[in-house]
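Asker: have a look; sequence and predicted model below, questions after that.
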Amino acid sequence: MSIKKLNKDVFKSFVDSMIASDQSVVGVKEKVQAKGNKFAFGPLENADQLRLDYDVTLIPPKKYMLPQTETLLTYEVKGESKQHVDEQKLILVGVHPYDMIAINQMDELFSQDEYDTHYMTRRNNITVIACDVVNASENIFASSMETAVVEKGFDILLTDLGKGKEYVAEAITEKGEALLATAVDATDADDKDIAKRSAIQEANKKDLDKHTLNCKPSELSSLLEQAYEHPVWEEKAKTCFSCGSCNTTCPTCYCFDVQDLVNWNLKDGQRERSWDGCLLKDFANVAGDHNFRKQKESRFRHRLYRKGKYVPTKIGGQVACVGCGRCVGACVPDIANPVAVYNRLLEDIKP
Amino acid sequence: MSKPRVAIFDFACCEGCQLQIVNLEEEILDLIGAVDVVEWREAMSEQSEEYDIAIIEGSITRPEDEERIKDIRSKAKVLIAIGACATTGGLNKLKNNFDDLEEVKKCVYSDASTMPHLETAMTKAVDEVVTVDYKVHGCPIEKAEFGSIIRSLLLGKAPEIPDYPVCVECKKNENVCRWEYGEICLGPIIRAGCGAKCPTASYRCFGCRGYVDDPNVNAAVDVMDKYGLTVDQLKSKMVLFGSKQGPTL
Amino acid sequence: MSENINIKVKHLTRVEGHGNIVVNIKDGTVEKCQWQVPEAPRFFEAMVRGRDYDDIQTIVSRICGICSISHSLVATKAVEDALSIKVSEQTDDLRLLMHFSEQLQSHVLHVGYLVAPDLFSAPSVVPLVAAAPDAVLAIIKAHRVANEWSEILAGRITHPITIIPGGFSQIPTEAQLRQLQDNLKNLVDTLLAIVDVVLSVAGNLPAFERDTEYVSLAQKNNYAFYHGDIQSTDGKTMPVKNWEKVANEYVVEQSTAKWTKWNRQSYATGALARFNNNAEQISPLGKAVAEKFGLVKGCCNPYMNSVAQLAEAAHVTEKAIELIDKLLTKGLKTEKVKINPKPGRGHAAVEAPRGILFHSYEFDKDLKCTWGNMCIPTNQNHANMQLDFEKLVPEFMHLGEDGLRQTMEMLIRSYDPCISCSTHFLNVEFVR
Amino acid sequence: MCDCNSTEKSIYLPELAPITKVAMMNETEMYMHLDHDIGHKPGQFVEVSIAGIGEAPISISSSPTEAGFDMVIRKAGRVTDIMHQMQAGDKLGIRGPFGSGYPIDEMKGKDLVFVCGGIGLVPQRSMINYIMDNRADFGKIAILQGTKEFAQRIYHDELERWAGVDGVQVLETIDVAHDSWNGNVGVVTTLIDKIDGIDLTKAVNLICGPPIMYKFVLMVLQEKEVSHENIFVNLERRMKCGVGKCGHCQMNGQYVCQSGPVYRYSDLANIPEAI
Ligand SMILES: Cc1cc2nc3c(=O)[nH]c(=O)nc-3n(C[C@H](O)[C@H](O)[C@H](O)COP(=O)(O)OP(=O)(O)OC[C@H]3O[C@@H](n4cnc5c(N)ncnc54)[C@H](O)[C@@H]3O)c2cc1C
Ligand code: SF4
Ligand code: SF4
Ligand code: SF4
């Protein structure tokens, strides 16, 4: 498939023409209300709003596949239920490699064993335009997690060759190819452009390193094999608020709660699922008020085991922390950083 | 099945929570369709001694109020406390930080302090006097949450009232954390359910919904250093809606 | 005609807070006639002491759920006055816009939900749903639009969260303001429909007059809500910082709320007071509404307060549409709040929907509050209600017990009293 | 990525089935039968859905050799409260069966010991009755049932019936003595020594009861040197989806709704959260 080069103007009109099409387009924008320059994915009204030089978004783009809250079923109270599947088509612009890898993992998790048609239908209706990182965020550690570049999952990959003046765009799917074809003034990328792109990606593999994991991600599983009773869990969790911010901002967390709502007529309503978090106190509570993870430290440990050991066994060994650094910034007491925990374990344990 | 009879009563408060019921706007017609409102002093002249569900707004601040709430409890099958004043004592408990109210009154009114209408006592939340079946938190309550709790009860189902911190809803709303601006946001120890209204409006959570069941207040104390703040500053924020209840610093 | 009448209304309904009416008439002589306020005192003046300057608004907003925006605005103005903080023109305009939303919300609530049932001889708005569904839906719609308007500016409907000393924690987007402006334009017809409904039953407003002193804010070129000096219909004016010389609060036996007096034994405040002091500045639509009811400057019929509220509802809607034009033409700017607070004492006044509202605070060098004083409109009306009663009872006792009671209840309601807030300010001096 | 089309049936969509029989077993437990075949294995469970109220995981209590299926419901919360108000003819939403169930093949030809606490008997019954209907395939059977109080006993008719079957012994105990009870008094572990003619170390031991019970039963079996391979436990967890997505039932790396709720104890060696 094709690799094109788009200069600034061509790129802008490419984005504007997507916006003008019948598909909804969401991309990274500077958050207007916030005082700092934080970024968030939101609906684009024009190409100027798109900020591909962003560092990291407040919450990951998973919200488009697995929304904060979504309707699974509609029903008559105490009667028949109907499934509710959202089939809206969407173009998602500006997904960073680490977030793309997280989406790839989630695609696997929601399609393996029991196929989740709610997630997968949304996913299949999204055209993803990924982009390489231009500005490293404060806490990124994608270099350590081997997630600084991505090879699959997206439809088009954009690489900014410098200050938003020129982009290389590579389509790797039919959907992507068709979309890229609408950028009529784009030229074919030449070897020099592709070399520039490789240089940027190689640099990212090294430079997205605000925290450094002192082992290979593939070694985490065997590290954790021996770390269950380590004092670090209690040390760190002492100041844990059980606020779940490390879960809610994480691109690979996908646990959910399900609740039934009813309308005012008390006759119909909907069953909704919404994000949950394993750090929240009642996550493993059952009838009789028995809590299978009552202690803060056991919940704190569970998350880091999920990332480093449990989920990897379900998805062919890939570590379920992609190094976006969001939880590091989101944790008020500053204990959530997985690298800090894993490195602390490495001081005492050899994987 | 006949419609449940609902009576709404107020004690010491700003009546803002009752206003949220009015603020259901068009939905209030649905509410009236689903229940029989038999008493609601602020909105109607009818009064009734017979009701199934009593909705209580406001704190208990006088001995005569204690008698009144006990009487209401004895008549109601279900009693719901709405709003911070009723559920936790709320802002009214700021008063309880003064040690001796009798003396305070004497010093203020001198001779007049024995006048019965000036009687006041330490503020109590409703459940410090009678059993409360359900609580709708907030100052004021969120009308959406109130509606869904009422509908849940009408279906015969215990409502799901969150016992996790405001941060959960705040993060879902994609807010920038107030702590990043060096503000003391009580979100991590306060019960969610408001949709993180305040941080979403770029304002710190000041704790109107009361603490989660097991707030890690020690963590909050530990965190102050990291942000260059003092424990006194934390106390001064916690005291607003958290005086004399839950964990006190 | 009954010679003996005993009225005892405990906890008057359809008003905010608790008030009692007691009347004893024996052999045609009025022995007792009282407006009593038994509301539980809440001691806000004590509760603000020792608190941070940036928590004052959060605390005093809880004085009243219905006029929480007015309390928040006046408190913030007083805090800013005390700490020598200046705000931008944009902040001032946005706050005024927020303030207007509360006038509309509160007036619609009062006229639509609380007063209208009296005019229709119904115990509440509930039976009106069946009897006059269109009118009820119009009232609900106006109330909803007003609330959505508040929410855009204040962050939520009741107890604002965006007002901070020096500015706003967050301002609306231009798109939100445009949408709001559209909603307000669409609302005009709804408001006029409500006006017509009320007009059709306006004959049920009692014909009662008592020469009264009316006090409100007044400004040269504006129908004053948010800025201005204190003015009396008796011709006196007073700068806001001297408000305590206007209120002259005192404690009476029959009330947990304090009473006030200025140039006479009592004065009245509220929509009618504003109209009597500012009638020339009311917007064309407001003027048209007033004319429909024959409301003219100098009116001394307290029952006409509800009509003045309707005129003001039209006024604020029209003015808000203009104000949004001004804001959008200039373009909204995200302003970082940078302040350099200095300790001191400050005072402020705004017109709450029910009348003039005063707050004052003092802060020490740590910017902790050392003193606070607030005087709310209903306090300022209690004495006037009592004097109205004293003239009204002999004039209306021919209606018999039920008729008299109804007339008296309607009188209190027409003042739109906010009783629970009026009791928060017993002048208590706490010793720790 | 699978390109299955979106009209695929949702794994969260329940199917309505009418309740055909209900009976109160005691104050808190209700028996229910649904004439609805779901093709289950002993030890599996279903998600019961009442639209507007919610869902709850409930064990299947009957053997697949019988038509339809049985459930026993303890009144514990939202869904189970409403279930208790239901009658024959009312409909329930059903998803499932879910879970792995008992390892029938490996149990064949062996002696079996069922240790049950309270409504722990409910899921075990699906296996017990399967054995009763295929009696020749299995060895000797011991059924140990412990109940807190006399009034809470369930399935006592059936316990009696099983006791009459050749090669089956039923031992029952209650925690608190009662006038109408002249059987064993004490916790369920006190019954283990009373098992007659079964070598526990060669038998398959199946445990199901309240969370606290496992520790004590396992301790006794440990003393008796029963190998962990020969012990199976049936575990409860919080569940929302039943299909290995929502994360609530996870204990360490295992999703109980998929790999459980029945586990070979030796497989739990690296699952410290299990017991
Ligand atoms: C595999 C399996 C099989 C089971 N088989 C049976 C069976 O055969 N019969 C039977 O009666 N039960 C069975 N259970 C247990 C049953 O599923 C639970 O009792 C279930 O909670 C009942 O649902 P409910 O809606 O009635 O209760 P819920 O309303 O869910 O409440 C029950 C309790 O759960 C906790 N809880 C639930 N939701 C929350 C929340 N959001 N926040 C905090 N705490 C919460 C609380 O402690 C609450 O008291 C089984 C469970 C499992 C996992
Ligand atoms: S680790 Fe941090 S972010 Fe996660 S729950 Fe604990 S305090 Fe919250
Ligand atoms: S702003 Fe407050 S509520 Fe939101 S995440 Fe931060 S601490 Fe939690
Ligand atoms: S964010 Fe905090 S203060 Fe604001 S409404 Fe929620 S609980 Fe109350």
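Answerer: Alright, I've got the coordinates. Ligands and ions are numbered 1, 2, ... in the order given.
Asker: enumerate the residues of chain A near ligand 1.
Answerer: Taking Cβ under 6 Å from any ligand atom, the part of chain A that reaches ligand 1 is made up of A:Asp282, A:Asn285, A:Val286, A:Ala287, A:Asp289. Backbone N, C-alpha and C define where each C-beta goes, glycine included.
Asker: what about 8 Å?
Answerer: A:Asp257, A:Asp282, A:Asn285, A:Val286, A:Ala287, A:Gly288, A:Asp289, A:His290 (Cβ under 8 Å from any ligand atom).
Asker: so which of those residues comes closest to B:Cys13?
Answerer: Using Cβ to Cβ, A:Asp282 is the member of the residues of chain A next to ligand 1 that sits closest to B:Cys13, with 30.0 Å.
Asker: with adjacent residues omitted, what lies nearest to that closest one?
Answerer: B:Asp163 (5.9 Å; Cβ to Cβ, 6 or more residues apart in numbering or on different chains).
Asker: just A:Glu108 next, same as before
Answerer: A:Glu108 sits nearest to A:Ile315 (Cβ to Cβ, 6+ apart), 5.0 Å away.
Asker: next: A:Leu261.
Answerer: A:Gly269 (5.0 Å).
Asker: where's that neighbour, which helix or strand?
Answerer: strand A:268-275 (DSSP states H and E).
Asker: which residues of chain D score low on pLDDT?
Answerer: Applying pLDDT under 70 to chain D flags the ranges D:1-7.
Asker: let's see 50
Answerer: D:1-5 (pLDDT under 50).
Asker: and residue 90, how many neighbours does it have?
Answerer: Going with chain A. 18 (other Cβ atoms under 10 Å in any protein chain shown).
Asker: that was the other one, I meant chain D.
Answerer: 15.
Asker: tell me which element residue 197 is part of?
Answerer: Here I'm looking at chain A. helix A:191-207.
Asker: next structured bit after the helix or strand containing D:Ile94?
Answerer: If you go by DSSP H and E, D:Ile94 is part of strand D:91-98. Under the assignment DSSP H and E, the closest C-terminal helix or strand after strand D:91-98 is helix D:104-107.
Asker: list the buried ones in that next one?
Answerer: D:Ile104, D:Met107 (16 or more other Cβ atoms under 10 Å in any protein chain shown).
Asker: run through who's touching stretch B:83-91.
Answerer: For stretch B:83-91, contacts defined as Cβ atoms under 8 Å, 6 or more residues apart in numbering or on different chains pick out B:11-14, B:16-17, B:56-59, B:81, B:92, B:96, B:123-128, B:132, B:135-141, B:208-210, B:240-246, C:47, C:59, C:62.
Asker: so which of those are in strands?
Answerer: B:Ile56, B:Glu57, B:Ala81, B:Lys135, B:Val136 (DSSP state E).
Asker: now do stretch A:60-72: distance from first to last residue.
Answerer: 22 Å (Cα to Cα, to the nearest Å).
Asker: can you check stretch C:163-181 too?
Answerer: Termini of stretch C:163-181 sit 21 Å apart (Cα to Cα).
Asker: thinking again about what came up before, could you export the ones in strands among the contacts of stretch B:83-91 as CSV, including pLDDT and neighbour count?
Answerer: CSV is the format used below for these (pLDDT from 0 to 100; neighbours: other Cβ atoms under 10 Å in any protein chain shown):
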residue, pLDDT, neighbour count
B:Ile56, 96, 29
B:Glu57, 94, 31
B:Ala81, 97, 27
B:Lys135, 96, 24
B:Val136, 97, 26
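Asker: figure out the helix or strand that the residue nearest to the spatial centre of chain D lives in.
Answerer: Closest to where the C-alpha atoms of chain D average out (Cα atoms, centre = their mean) is D:Pro123, at 1.8 Å. According to DSSP H and E, D:Pro123 maps onto helix D:121-133.
Asker: next, the buried residues of that helix.
Answerer: Result for helix D:121-133 [16+ other Cβ under 10 Å]: buried residues D:Leu121, D:Val122, D:Pro123, D:Gln124, D:Arg125, D:Ser126, D:Met127, D:Ile128, D:Asn129, D:Tyr130, D:Ile131, D:Met132.
Asker: now the residues you listed as JSON lines including distance to A:Tyr228?
Answerer: JSON lines is the format used below for the buried residues of helix D:121-133 (distance: Cβ to Cβ, whole Å):
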{"residue": "D:Leu121", "distance to A:Tyr228": "33"}
{"residue": "D:Val122", "distance to A:Tyr228": "33"}
{"residue": "D:Pro123", "distance to A:Tyr228": "29"}
{"residue": "D:Gln124", "distance to A:Tyr228": "31"}
{"residue": "D:Arg125", "distance to A:Tyr228": "36"}
{"residue": "D:Ser126", "distance to A:Tyr228": "34"}
{"residue": "D:Met127", "distance to A:Tyr228": "33"}
{"residue": "D:Ile128", "distance to A:Tyr228": "36"}
{"residue": "D:Asn129", "distance to A:Tyr228": "40"}
{"residue": "D:Tyr130", "distance to A:Tyr228": "37"}
{"residue": "D:Ile131", "distance to A:Tyr228": "38"}
{"residue": "D:Met132", "distance to A:Tyr228": "42"}
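Asker: so D:Gly101 sits against D:Pro261, correct?
Answerer: No - counting by Cβ atoms under 8 Å, D:Gly101 stays clear of D:Pro261, with 9.1 Å between them.
Asker: got a list of what C:Ser414 touches?
Answerer: Contacts of C:Ser414 by Cβ under 8 Å, 6+ apart are C:Val115, C:Pro302, C:Tyr303, C:Met304, C:Asn305, C:Ser306.
Asker: now with 10 Å, please.
Answerer: C:110-111, C:114-115, C:118, C:205-206, C:208, C:270-272, C:301-307, C:309, C:385, C:388 (Cβ atoms under 10 Å, 6 or more residues apart in numbering or on different chains).
Asker: for A:Leu180, same thing?
Answerer: Counted by Cβ under 10 Å, 6+ apart, A:Leu180 has contacts A:1-4, A:6, A:14, A:129, A:155-156, A:169-171, A:186.
Asker: just give the nearest non-adjacent residue to it, would you?
Answerer: A:Ala171 (4.5 Å).
Asker: report the central residue of chain A.
Answerer: A:Pro251 (3.1 Å).
Asker: double-check that that residue belongs to a strand.
Answerer: No - counting by DSSP: H, G, I helix; E, B strand; the rest coil, A:Pro251 falls outside a strand, being coil.
Asker: for the residue in chain A positioned nearest to ligand 1, give its distance to ligand 2.
Answerer: Using Cβ to the nearest ligand atom, the closest approach of chain A to ligand 1 is made by A:Ala287 at 3.4 Å. Computed as Cβ to the nearest ligand atom, to the nearest Å, the A:Ala287 to ligand 2 distance reads 25 Å.
Asker: neighbours of that residue, how many?
Answerer: Using other Cβ under 10 Å, A:Ala287 is surrounded by 13 other residues.
Asker: how about it: what's its closest non-neighbour residue?
Answerer: D:Ala76 (3.9 Å).
Asker: neighbours of that neighbour, just the number please.
Answerer: Neighbour number of D:Ala76 under other Cβ under 10 Å is 14.
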